[in-house]
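Asker: sequence unknown, structure follows:
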């Protein structure tokens with residue numbers, strides 16, 4: 001499998017955020033704006049009364065182009081790359097801060113955090129296993145994160161629309177600082193809330209996030225009838241909303257954080273089946289099932305690399321931390337001081353549709369069919385749909 005790495009030179013979701021930031025007056029970002037080939041000039045964008053960034057979690061470019069309907073399918077075709085790793089826990093912070101992963105240093109669902117001395121599910125800010133942290137979750141973002149949100153520097157009011165389950169979580173609240181947050185209960189509620197905001201006078205920026213396609217793809221697989229039905233429901237509601245707000249002087253941008261690939265049970269490597277590899281790890285696997293961060297016991301580097309190549313073969317590419325950082329997988333230097341500690345000594349970058357996982361004592365086994373985080377085209381390409389309403 002040939003890797004599709006992020007196009008940080010002008011064709012990634014991080015570059016989209018530089019263009020959005022420039023249009024909204026928050027242009028302190030270091031990466032290049034979106035390449036002119038996408039036809040989204042920040043000066044033109046800035047003239048719109050309303051700028052909306054709609055992020056549909058898990059809506060890869062191929063899925064929209066093949067299964068979308070209505071306006072979204074009609075205007076599909078432009079593609080951006082996600083960031084690395086191609087996962088919500090890394091991409092959503094880029095949308096909400098404008099920063100490259102190299103700068104915000106959020107590297108996947110499970111992260112080893114030196115500050116907590118624990119493998120942590122970073123979005124809910126809970127330990128992977130065991131009892132909750134002694135510190136209140138509300139106090140953790142200030143301890144773990146030092147980046148600003150994108151909203152505080154904008155020259156127009158900003159709004160964040162999130163599902164009620166996560167809208168005011170500590171992670172979301174930290175990354176939404178400087179914006180007003182509105183929670184919605186379901187897809188109809190999301191479209192109704194957005195429509196109402198767009199009809200309020202005044203210039204504004206709105207970030208709207210919808211997670212249901214992602215959860216459906218995890219459970220049923222990206223090529224399932226359930227995913228197609230979920231996407232069609234979103235497209236139908238989107239078309240109806242567009243009619244409601246026609247003439248509101250709104251620039252609508254629709255994209256995603258990542259795409260998906262199916263990894264059925266016979267393509268999942270269980271680390272427990274490779275005890276010689278597991279014995280060299282100082283910590284559980286971190287990151288994602290498609291890109292696993294490996295923290296090694298002292299002096300085990302050469303043996304681990306040799307053993308991993310022999311045991312995993314073509315199913316995984318073993319990539320050193322030095323190569324990840326030197327190759328700008330997370331974005332060009334300078335990197336955040338904590339980035340190196342959050343990606344381990346080696347990454348297992350899974351090939352084709354292979355994935356890898358471990359199961360800890362006390363952890364309920366959780367099998368998912370649709371996965372992401374890797375560098376396949378299916379996971380990395382996301383759409384960029386632009387509509388003037």
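Answerer: Thanks, I have it. On a predicted model such as this, the values are computed, not experimentally measured, just so you know.

Asker: which helix in the protein has the most residues?
Answerer: helix 225-244 (DSSP state H).

Asker: helices and strands around that one, which ones?
Answerer: Secondary-structure packing of helix 225-244 (3 or more Cβ pairs under 8 Å, 6 or more residues apart in numbering; DSSP states H and E): helix 61-67, helix 70-74, helix 187-198, helix 212-220. Any C-beta I mention is one placed from the backbone N, CA and C, and that applies to glycine too.

Asker: show me the contacts for the residue lying closest to residue 157 once chain neighbours are set aside.
Answerer: Nearest non-adjacent residue to residue 157, counting by Cβ to Cβ, 6 or more residues apart in numbering: residue 204, 5.0 Å away. Counting by Cβ atoms under 8 Å, 6 or more residues apart in numbering, residue 204 makes contact with 49-51, 156-159, 197.

Asker: and those, which of them are in helices?
Answerer: residue 197.

Asker: of the contacts of residue 204, select the buried ones using a ChimeraX command.
Answerer: Listed next is the ChimeraX selection for buried residues among the contacts of residue 204, using 16 or more other Cβ atoms under 10 Å:
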select :50,51,156,157,158,159,197
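
Asker: ok, the contacts of residue 204 vs residue 117, which is closest?
Answerer: Top of the list for closeness to residue 117, among the contacts of residue 204 and by Cβ to Cβ, is residue 158 at 35.2 Å.

Asker: surely that closest one and residue 177 touch.
Answerer: No: judged on Cβ atoms under 8 Å, residue 158 makes no contact with residue 177 at a distance of 10.1 Å.

Asker: next, the nearest residue to residue 177 once chain neighbours are set aside: phi, psi?
Answerer: Nearest residue to residue 177, sequence neighbours excluded (Cβ to Cβ, 6+ apart): residue 149, at 4.7 Å. When read as degrees, to the nearest 10, the backbone of residue 149 gives phi -80, psi 170.

Asker: surely residue 149 meets residue 175?
Answerer: Yes: the pair residue 149 / residue 175 is scored as a contact, 5.4 Å apart, by Cβ under 8 Å.

Asker: what is the neighbour count of residue 123?
Answerer: 17 (other Cβ atoms under 10 Å).

Asker: list the contacts of residue 158.
Answerer: 24, 151, 178-180, 204-207.

Asker: same check on residue 144?
Answerer: Residue 144 touches 113, 115-116, 125, counting by Cβ under 8 Å, 6+ apart.

Asker: how about residue 186?
Answerer: Applying Cβ under 8 Å, 6+ apart, we find residue 186 in contact with no residue.

Asker: repeat that for 10 Å
Answerer: By Cβ atoms under 10 Å, 6 or more residues apart in numbering, the contact list for residue 186 reads 163-164, 192, 212.

Asker: taking those residues, tell me the two that lie furthest apart.
Answerer: Greatest spatial distance in those: 192 and 212, 16.0 Å, computed using Cβ to Cβ.

Asker: and residue 282, how many neighbours?
Answerer: By other Cβ under 10 Å, 13 other residues sit near residue 282.

Asker: kindly report the same for residue 199.
Answerer: Counted with other Cβ under 10 Å, residue 199 comes out at 13.

Asker: re earlier: among residue 149 and residue 175, which residue is more densely surrounded?
Answerer: residue 175 (26 against 22).

Asker: surely the more buried one meets residue 145?
Answerer: Yes: Residue 175 is in contact with residue 145 according to Cβ atoms under 10 Å; the separation is 8.2 Å.

Asker: give me the common contacts of the two.
Answerer: With contacts taken as Cβ under 10 Å, 6+ apart, residue 175 and residue 145 have 93, 97, 104, 106 as neighbours in common.

Asker: if I look at the second one, what pLDDT would I see?
Answerer: In other words, residue 97. Looking at residue 97, its pLDDT is 97.

Asker: distance check, it against residue 339.
Answerer: Distance, residue 97 to residue 339, using Cβ to Cβ, to the nearest Å: 14 Å.

Asker: kindly report the same for the last one.
Answerer: Separation of residue 106 from residue 339 (Cβ to Cβ) stands at 9 Å.

Asker: please apply the same query to the first one.
Answerer: Distance, residue 93 to residue 339, using Cβ to Cβ: 13 Å.

Asker: who has more neighbours, these two?
Answerer: residue 93 (27 against 22).

Asker: quick one: the host helix or strand of the more buried one to chain centroid distance?
Answerer: Using DSSP states H and E, residue 93 sits in helix 88-97. The chain centre lies 5 Å from the centre of helix 88-97; the measure is Cα atoms, centre = their mean, to the nearest Å.

Asker: show me what contacts residue 67?
Answerer: Residue 67 neighbours (Cβ under 10 Å, 6+ apart): 59, 73, 222-223, 227-232, 235.

Asker: and the strands in the stretch 251-389 of the chain?
Answerer: 261-262, 268-270, 286-287, 291-294, 316-320, 346-350, 355-357, 370-371, 381-383, 385-388 (DSSP state E, counting those that start in this stretch).

Asker: closest to residue 218 out of those?
Answerer: strand 370-371 (4.9 Å).

Asker: what packs against that closest one?
Answerer: helix 212-220, strand 261-262 (3 or more Cβ pairs under 10 Å, 6 or more residues apart in numbering; DSSP states H and E).
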